[in-house]
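[1] mind folding the following:
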Amino acid sequence: MSDWFPGFEQRRIATSGAEINCVIGGSGSPLLMLHGYPQTHVMWHRIAQRLAEHFTVVCSDLRGYGDSAKPEGGAGHINYSKRAMALDQVEVMQTLGFTRFRIAAHDRGARVAHRLCLDHPQAVERAAVLDISPTRIMYGGTDQAFATAYYHWFFLIQPFDLPERLIGADPIYYLHKKIGGSSGGLGLFDPRALAEYERCYTPAMLHASCEDYRAAASIDLEHDAADAERRVECPLLALWGSNGVVHRLFNPIADWGSVARDVRGKPLPCGHYLAEEAPEETLAEMLAFFLP
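    Modelled structure (predicted):
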């Protein structure tokens, strides 16, 4: 049983590329939930059990994060391409007996979800993406304001081992500055959740997360360019924080409308971490979208 999600079962599932840690609970149609950087599946702790009243909820740690395996990056960071990370999650759901499911994903997890929708369209009924616009659009629109606000996109992609060494000198300081600076401050987070993010922010996860970002600035852009004419076919919900960078510098509905056929969404009254800063509003929007 998961300490964070009473009644949920914890599993470790071997995929073709990594061993993935996840928790499963509830009943009904399957709903896969993916976290962002620099967090773990625990970020869903304020809404997962209530979603489990309606769905079989699977909260998964991405490859390289939390208690999932952290393989080496491979040539061209291929092992942290969103294609590889998406395949992990498809295989997790298949192992659990789900060939078709809904997906809700935040930040890095939402980039994995985007790729999953493109590579495995038959698997996804509906997708919700939290506080991102598509990677290619965000990189393509880079200006001084974006580079300043999202400095970590350009820092973490530097060649090994510059960011690993610099962050590794005081990883908890960096973790707190990163999380607190993208929200209304550390006080918004459950102290136990913050302690869990600290526990998991190991040298191995630090390196893996850099590989994730390095892949996003290289092989993922190649995959996106090759699929420039393809669209997400399932209904897509975009939610974002009205106090965040995505709201200030991008247009999520228009951005997602350029890569998906059926898009709806709105800003919520919070910063980057919707499920922890505005759990009631996030839950309401997800239920309205996923229940039909």
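[2] for the residue sitting nearest the centre point of the chain, give me the pLDDT.
    With the centre of the chain defined as its mean C-alpha position, the nearest residue by CA atoms, centre = their mean is residue 109, 1.8 Å away. Model confidence at residue 109, given as pLDDT, is 98.
[3] low pLDDT regions in this structure?
    1-2 (pLDDT under 70).
[4] swap the cut-off to 90 and go again
    With pLDDT under 90 as the threshold, the chain has low-confidence stretches at 1-4, 181-184, 292.
[5] quick one: the strands in it, in order.
    Counting by DSSP state E, one finds strands in the chain at the ranges 9-14, 19-26, 29-34, 55-60, 101-106, 124-130, 236-241, 263-268.
[6] sorry, back to before: so what's the residue nearest to the centre of the chain up against?
    Neighbour list for residue 109: 33, 34, 35, 36, 62 [criterion: CB atoms under 8 Å, 6 or more residues apart in numbering]. C-beta here means a position set from N, CA and C on the backbone, and glycine is covered the same way.
[7] could I get the strands of the chain as a markdown table with mean neighbour count and distance to residue 182?
    Conversion of the strands of the chain to a markdown table gives the following (neighbours: other CB atoms under 10 Å; distance: least, CB to CB, whole Å):
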| stretch | mean neighbour count | distance to residue 182 |
| --- | --- | --- |
| strand 9-14 | 15 | 28 |
| strand 19-26 | 22 | 24 |
| strand 29-34 | 24 | 18 |
| strand 55-60 | 26 | 21 |
| strand 101-106 | 27 | 11 |
| strand 124-130 | 24 | 13 |
| strand 236-241 | 24 | 9 |
| strand 263-268 | 18 | 14 |
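[8] let's have these in CSV, adding distance to residue 71.
    Below are those laid out as CSV (distance: least, CB to CB, whole Å):
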stretch, distance to residue 71
strand 9-14, 12
strand 19-26, 9
strand 29-34, 18
strand 55-60, 16
strand 101-106, 21
strand 124-130, 25
strand 236-241, 29
strand 263-268, 33
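[9] so for residue 148, which of these sits nearest?
    Residue 148 lies closest, by CB to CB, to one member of those: strand 236-241, at 17.8 Å.
[10] OK, contacts around residue 103?
    Contacts for residue 103 were tallied using CB under 8 Å, 6+ apart; they are 31, 32, 33, 34, 113, 116, 117, 124, 126, 127, 128.
[11] look up how far residue 52 lies from it.
    Noted for residue 103: a distance of 15 Å to residue 52, by CB to CB, to the nearest Å.
[12] can you check residue 7 too?
    Spatial separation of residue 7 from residue 52 under the definition CB to CB is 7 Å.
[13] before we move on, what about residue 24?
    Remark: distance between residue 24 and residue 52 (CB to CB) = 9 Å.
[14] what touches both of the two?
    Jointly contacting residue 24 and residue 52 under the rule CB under 8 Å, 6+ apart are residue 8.
[15] how about residue 281, what does it touch?
    For residue 281, the residues meeting the contact criterion (CB under 8 Å, 6+ apart) are 268, 269, 270, 274.
[16] next: residue 5.
    If a contact means CB under 8 Å, 6+ apart, then residue 5 has 23, 25, 45, 48, 49, 52, 59 as its contacts.
[17] if we go to 6 Å?
    Taking CB atoms under 6 Å, 6 or more residues apart in numbering as the criterion, residue 5 is in contact with 23, 25, 48.
[18] likewise for residue 82?
    Contacts of residue 82 by CB under 6 Å, 6+ apart are 111, 112, 115, 220.
[19] any chance you could map the helices in the stretch 101-250 of the chain?
    Chain-ordered helices for the stretch 101-250 of the chain, with DSSP state H, counting those that start in this stretch as the definition, fall at 108-119, 135-140, 144-149, 151-155, 162-168, 171-181, 191-200, 203-216, 219-226, 245-249.
[20] now the fifth one, how far from the centre of its chain.
    Helix 162-168 has its C-alpha centroid displaced from the chain centroid by 22 Å (CA atoms, centre = their mean, to the nearest Å).
[21] can you pull the buried residues of that helix?
    Buried residues in helix 162-168, defined by neighbour count with 16 or more other CB atoms under 10 Å: 163, 164, 167.
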